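>>> need a structure here:
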Amino acid sequence: MKNATATSIVSVNNGSSFITTDSNGTTYTSRKIILGTGLSDVLPDTPGVKAAWQLGIFWCDWCDGFEHRDQPFGILGSIVDSVGSVIESETLFHDIIAFVNGTYTDANVAILDKNRPGWATQLQKYGVVINNATIKSIDRLQDGAVVHNVTTDTEYDKFRVNLANGSSIERSAFITNFPSIQHSTLGESLGVQIYGEKMDVNAGSMRTAAPGVYAVGDANSDNSTNVPHAMYSGKKAAVYAHVELEREYAATLLSKREEDIHERMGHDLEDLWKRLLSDRV
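Predicted structure coming up:
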């Protein structure tokens, strides 16, 4: 294990081997590459968001929502994506405000009407409030890591959303709908196909279309983004890479055996010729 950043990977002879260079200038040679380079969330410049990222402001309520259940809840992001977040969150939260930050437009309403017929009625039934004001900043008022209940596994974060119209609203947690991108360009530089900001893989083996290259974790296209999945996909790629290496090695042994046979055949003919010559003498 090396605590360094891989800055480049070069494929040699169409993936028969690879040369990796790290941030220290050290090079490594390998026959396979497994990429677990992850994704980066594209966070807005709104003051307060980055400081509270994954600390009460999160992108997955199945990962972080339970600790904030039944508390005042907010959704951050475009109205186009907020409807899906409501459906995901409604079993954990009932006081929900979608802060759509000026995205409640005729164009986006048309998209929702086409893709999610009846969406407005759904939100009304859930009691969800849509706030279209521009978000100026988000302040942390209370840290759930400090104020929490160990017995009930509950965290009590508290935030104030400051809006451009001068008003403010308090919430205890937020789910977001911000985009994500590949954290590294190594895969793309090796010829890995990118599909929807994910490295396209065969889900059965974690192989990419680039010879000798595998991709695991949330950076790949099998659309699962949690730690158990990362471990599972990493193990699967390791197993398939190992089998592929051994098959390649077995093929070289077979090729070597054929060379030995041809060499022995050549010697046999030479010995026969020598005997014929000696008999003539």
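
>>> residue contacts, the residue most central in space within the chain?
In the chain, the C-alpha nearest the mean C-alpha coordinate belongs to residue 218, at 2.1 Å (Cα atoms, centre = their mean). By Cβ atoms under 8 Å, 6 or more residues apart in numbering, the residues touching residue 218 are 38-39, 224-225, 229-230. Where C-beta positions appear, they are placed from N, C-alpha and C, glycine not excepted.

>>> how many residues are close by the closest residue to residue 48 other than its chain neighbours?
Leaving aside its chain neighbours, residue 48 sits nearest to residue 138 (3.5 Å; criterion: Cβ to Cβ, 6 or more residues apart in numbering). Number of residues near residue 138 (other Cβ atoms under 10 Å) recorded here: 23.

>>> show me which of the contacts of residue 218 are buried.
Buried members of the contacts of residue 218, scored by 16 or more other Cβ atoms under 10 Å, are 39, 225, 229-230.

>>> among these, which two are most distant?
The two members of those with the most space between them (Cβ to Cβ) are 39 and 229, at 12.8 Å.

>>> just the pLDDT at residue 60, thanks.
Residue 60 is assigned 88 on the pLDDT scale.

>>> lowest confidence element among the helices and strands of this protein?
helix 227-280 (a mean of 75; mean pLDDT, DSSP states H and E).

>>> hmm, back to that, just checking, the residue nearest to residue 48 touches residue 159?
Yes: with contacts counted by Cβ atoms under 8 Å, residue 138 reaches residue 159, the gap being 5.5 Å.

>>> find residues that contact each of those two.
48, 52, 57.

>>> please name the bridge partners of the closest residue to residue 47 other than its chain neighbours.
Sequence neighbours aside, residue 137 is the residue nearest to residue 47 in space, at 4.0 Å (criterion: Cβ to Cβ, 6+ apart). Assessed by DSSP bridges, residue 137 has beta-bridge partners residue 162.

>>> residue 137: neighbour count?
14.

>>> pLDDT score for it?
pLDDT, read off for residue 137, is 98.

>>> could you pull up the residues touching it?
So residue 137 contacts 46-48, 162 (Cβ under 8 Å, 6+ apart).

>>> distance of it from residue 176?
Residue 137 is 15 Å from residue 176, where distance means Cβ to Cβ, to the nearest Å.

>>> same question for residue 238.
In terms of Cβ to Cβ, residue 238 sits 33 Å off from residue 176.

>>> returning to that earlier point: nearest to residue 172 among the buried ones among the contacts of residue 218?
The closest of the buried ones among the contacts of residue 218, once distances to residue 172 are taken by Cβ to Cβ, is residue 225, at 23.6 Å.

>>> who touches residue 76 in this structure?
Per Cβ under 8 Å, 6+ apart, neighbours of residue 76: 49, 57, 99, 101, 135, 174-178.

>>> need those residues in JSON lines (columns: secondary structure and distance to residue 26).
Formatted as JSON lines, the contacts of residue 76 follow (DSSP: H, G, I helix; E, B strand; the rest coil; distance: Cβ to Cβ, whole Å):
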{"residue": "49", "secondary structure": "coil", "distance to residue 26": "37"}
{"residue": "57", "secondary structure": "strand", "distance to residue 26": "38"}
{"residue": "99", "secondary structure": "strand", "distance to residue 26": "47"}
{"residue": "101", "secondary structure": "coil", "distance to residue 26": "45"}
{"residue": "135", "secondary structure": "strand", "distance to residue 26": "45"}
{"residue": "174", "secondary structure": "strand", "distance to residue 26": "42"}
{"residue": "175", "secondary structure": "strand", "distance to residue 26": "41"}
{"residue": "176", "secondary structure": "strand", "distance to residue 26": "38"}
{"residue": "177", "secondary structure": "coil", "distance to residue 26": "40"}
{"residue": "178", "secondary structure": "coil", "distance to residue 26": "35"}
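
>>> of these, which is the nearest to residue 17?
residue 178 (38.6 Å).

>>> just confirm that closest one contacts residue 41, I think it does.
Yes: Residue 178 is within contact range of residue 41, at 5.7 Å (criterion: Cβ under 8 Å).

>>> ok so, going back, from the buried ones among the contacts of residue 218, pick the one nearest residue 89.
Closest to residue 89, out of all of the buried ones among the contacts of residue 218 and judged by Cβ to Cβ, is residue 225, at 16.8 Å.
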